[in-house]
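> The sequence and its predicted three-dimensional model are supplied below.
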Amino acid sequence: MRGSTMFKKMIVKTDERGLLFKKGSYVKHLQPGVHRLASFSDDEIVLLNVTKPFAVQGKDLNLFLQDEQLLKELTVVNVQDHEYVLHYEDGKFVSLLTPGKYAFWNVLKQHDFTRVDIRQPMVGAEIDEAIFSKVVGYLYASEVASHETGLLFYNNVMQQELAPGKYYFWRGPVQAAVKTVDLRHQQLDMTGQEIMTEDKVTLRLNFVCQYKIVDPLRALAFKAFEDQVYILLQLILREYVGTLKLDDLLRMKQEIAAFVLSRLNEKSEEYGVTFSSAGVKDIILPGDIKEILNTVLLAEKKAQANLITRREETASTRSLLNTAKLMDENQTLFRLKELEFLEKICEKIGTISLTGGGNLLEQLNSLLAGAKQ
């Protein structure tokens, strides 16, 4: 009985390891089994579960890494400032380790680690996307649509072009940004642009052009790219319209479009685009000019109508003259014309009364003969 009171019995289970301390200083680690300590000594055993990461509250990890026997049962990983480490136990993802030193018991589980250099923030294809939901705070995503191209920048320095898809980046010292450029055909509308013609008439133009970006990096070099294209179009229109009188402008709509498209494509390489079409949608005139043009147009149409009427009358008179000449020269034709005339008379007369002898045709002929005399 007296001997049993002189010792404290400590049991270290199979899934545990013990750390022996004397007067607060680490001595050694203890395997599973029964261990006895003097009842009145300052010895202490700290029990650790080997399924959990190795950690002793209030003690620095390096204190224990001097024990070679303990090190045989530990897997130690040191994470640098520029790294994340992905920790796997028995092939399954467990956690993401930030900079620091870590130790894990290797007696019951196999530990594997994947190092990630966050100075190159794009997540590589070797990292399984299945873990992304478990490390949300350490990742961010950018997406490039099917009709776009992406330009990848690290700390505002261009790195590469990105094809359509979804990309993930580690949060860290290097800031990644993806700028997208729409590669579809786009339309630029210029509405109500006021321009003065050579003869000092101020009008408004509605103009449209279509373009497609072919060099995304050049296009991104312009601040407010679409505004810059708009200004370019505006200057070209002012340059051309300012050399035309109003009448010429109204007559040369197609020529304006061809000129503007040609000038735009002279700048296409500089802007990283190709311009495919351009055209005038509307020319809006001031009210007083519109009234004048309407008056002129009405007068022109009346003159054209009078000309057509006179032309038709002349043609009709000429036709009658030609017919008269033919009938005068050809008695048979004249006779046929008489019979045609008689036929028309008979169609319009309901009843004909005859006196004297002879048949109807002879009497009508005698009438016509009398009319000739």
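Ah, there it is. Numbers count the residues shown, from 1 in each chain.
> List the contacts of residue 140.
168, 169, 171 (CB atoms under 8 Å, 6 or more residues apart in numbering). C-betas here are computed from N, CA, C, even on glycine.
> Dump those into JSON lines; add pLDDT, distance to residue 241 and neighbour count as well.
As requested, the contacts of residue 140 are exported to JSON lines (pLDDT from 0 to 100; distance: CB to CB, whole Å; neighbours: other CB atoms under 10 Å):
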{"residue": "168", "pLDDT": "96", "distance to residue 241": "52", "neighbour count": "17"}
{"residue": "169", "pLDDT": "97", "distance to residue 241": "50", "neighbour count": "22"}
{"residue": "171", "pLDDT": "95", "distance to residue 241": "54", "neighbour count": "15"}
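> Among these, which ones are in strands?
Within the contacts of residue 140, residues falling in strands by DSSP state E are 168, 169.
> Closest to residue 242 out of the contacts of residue 140?
Comparing the contacts of residue 140 against residue 242 with CB to CB places residue 169 closest, at 51.3 Å.
> And residue 302, what's its pLDDT?
On pLDDT, residue 302 comes in at 65.
> could you point out where this structure is predicted with low confidence?
1-5, 286-303, 305, 320, 324, 326-373 (pLDDT under 70).
> Which stretches in it count as helices?
Listed in chain order, the helices of the chain (DSSP state H) span 68-71, 216-220, 225-241, 246-251, 253-266, 268-271, 287-329, 331-348, 360-372.
> Would you mind measuring from residue 125 to residue 95?
In this view, residue 125 and residue 95 are 22 Å apart by CB to CB, to the nearest Å.
> neighbour-wise, which of these two wins?
Neighbours per residue, other CB atoms under 10 Å: of residue 125 and residue 95, the larger number sits with residue 95, 14 against 7.
> Tell me how far that one lies from residue 240.
68 Å.
> Same question for residue 90.
Going from residue 90 to residue 240 by CB to CB gives 75 Å.
> okay, these two: which has more neighbours?
residue 240 (17 against 10).
> so who does the more buried one touch?
If you count contacts by CB under 8 Å, 6+ apart, then residue 240 has 256, 259, 260 around it.
> Repeat the analysis, applying 6 Å as the threshold.
Residues counted as contacts of residue 240 (CB atoms under 6 Å, 6 or more residues apart in numbering) are residue 259.
> what's the distance between it and residue 278?
Taking CB to CB, one finds residue 240 at 11 Å from residue 278.
> Likewise for residue 187?
11 Å.
> Could you report the neighbour count for residue 172?
18.
> That one: what's its closest spatial neighbour, skipping adjacent residues?
residue 118 (3.3 Å; CB to CB, 6 or more residues apart in numbering).
> picking that back up, quick one, which of residue 187 and residue 278 is more surrounded?
Neighbour count, other CB under 10 Å: between residue 187 and residue 278, residue 278 has more, with 24 against 9.
> So that one is in contact with residue 211, correct?
No. When contacts are counted by CB atoms under 6 Å, residue 278 is not listed as touching residue 211 (9.2 Å).
> of the contacts of residue 140, closest to residue 8?
Comparing those against residue 8 with CB to CB places residue 171 closest, at 49.6 Å.
> Verify the stated contact: that closest one with residue 137.
No. Counting by CB under 6 Å, residue 137 is not a contact partner of residue 171; they are 7.6 Å apart.
> Quick check: residue 266 vs residue 275, distance?
10 Å.
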